[in-house]
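Asker: need coordinates for the following:
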Amino acid sequence: MKMKNLTKVEVYEIAKKMGIKGRSKMTKRELIQAVEKNKSDNVIKTSGAVTEYIGSGSGETLDSFTPAVKEEAAVDISLPERYGIDTLVLLPIDPANAYAFWEITTNTVSKFTELADSGSIRPVLTFFADYRGKLAFSPVDFLGSYYVYDKRMDGNTVWAELSFIDKNGKSVKLLVSEKVQMPSDRVSEEDPHEYLRVSETSKKLIEYASAGEIIYNSNEYLHRKMKMFNSYDIHEGGS
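Answerer: Sure thing, here's the model as predicted:
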């Protein structure tokens, strides 16, 4: 089979077995060129020490040959373009921002294309929130990601759906994400603590603090009260 008839993933696997460097950054065409070049080069077979050298016919002997140091194969950290799994994931970022990514497999596309009774379908990504309904929507491709900003998501349960419109104008679901609870920038409405609320005037507060002593201009009074207040731990807002 000719290399050009293979997929990029298949050519990449061949390059990986050959130990071709920089393969993760190559296009399919560059991968094919690198594989073909590797095949045409002289082959050095090693097993700890050099056991065989297939030269170019120049008459070189094993004694005159300096073995090359076999380099450690680089760790392959490249990610595939697709995983081949129907996926739709929604992730919260902050109270008003969320991120969705998805993949619709070829089999799923084929199945729903037949259902649509047309040559192709175009997915639509829609965001929903409890008590808010539909938030936003946009036509998308079968593989991609999307950021959505909407203040109405704040504190709400939110999810995403991928769907298309069939020949009868009905929306047909392709994928639905898990429902996620968005964070909130509001103060909790379920705080069980009760806080002291005082509506008295400042004069009344002074009377309470002085326990009936109203010698406001007395240095002795002020000294006594300061000493009393300093003996307590003050907790802001505590009851």
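
Asker: now Thr113: closest residue in space, sequence neighbours ignored.
Answerer: Spatial nearest neighbour of Thr113, chain neighbours left out: Ile121 (5.4 Å); criterion: C-beta to C-beta, 6 or more residues apart in numbering. All C-beta atoms are positioned from the backbone trio N, CA, C, and that covers glycine.

Asker: run through the residues that contact that neighbour.
Answerer: Contact analysis of Ile121 by C-beta atoms under 8 Å, 6 or more residues apart in numbering lists Val109, Phe112, Thr113, Phe164.

Asker: do Thr108 as well
Answerer: Residues near Thr108 by C-beta under 8 Å, 6+ apart: Asp86, Leu174.

Asker: what helix or strand does it sit in?
Answerer: Element membership of Thr108, judged by DSSP states H and E, is helix 106-116.

Asker: mean confidence score for the next helix or strand after that helix?
Answerer: Using DSSP H and E, the helix or strand that follows helix 106-116 in sequence is strand 124-129. Averaging pLDDT along strand 124-129 yields 94.

Asker: contacts for strand 124-129, please.
Answerer: With C-beta under 8 Å, 6+ apart, strand 124-129 has contacts from 90, 98, 100, 102, 134-140, 146, 148, 150, 152-153, 156-165, 171, 182.

Asker: rerun that using 10 Å as the cut-off
Answerer: Strand 124-129 has contacts (C-beta atoms under 10 Å, 6 or more residues apart in numbering) with 88, 90, 98, 100, 102, 134-141, 144-146, 148, 150, 152-165, 171, 173-177, 179, 182.

Asker: among those, which are located in strands?
Answerer: Taking DSSP state E, the ones among those that sit in strands are 88, 90, 98, 100, 102, 134-139, 144-146, 148, 157-165, 171, 173-176.

Asker: not counting its neighbours along the chain, what's nearest Arg102?
Answerer: Let me fix one detail, which is that residue 102 is Trp and not Arg. Sequence neighbours aside, Leu88 is the residue nearest to Trp102 in space, at 4.3 Å (criterion: C-beta to C-beta, 6+ apart).
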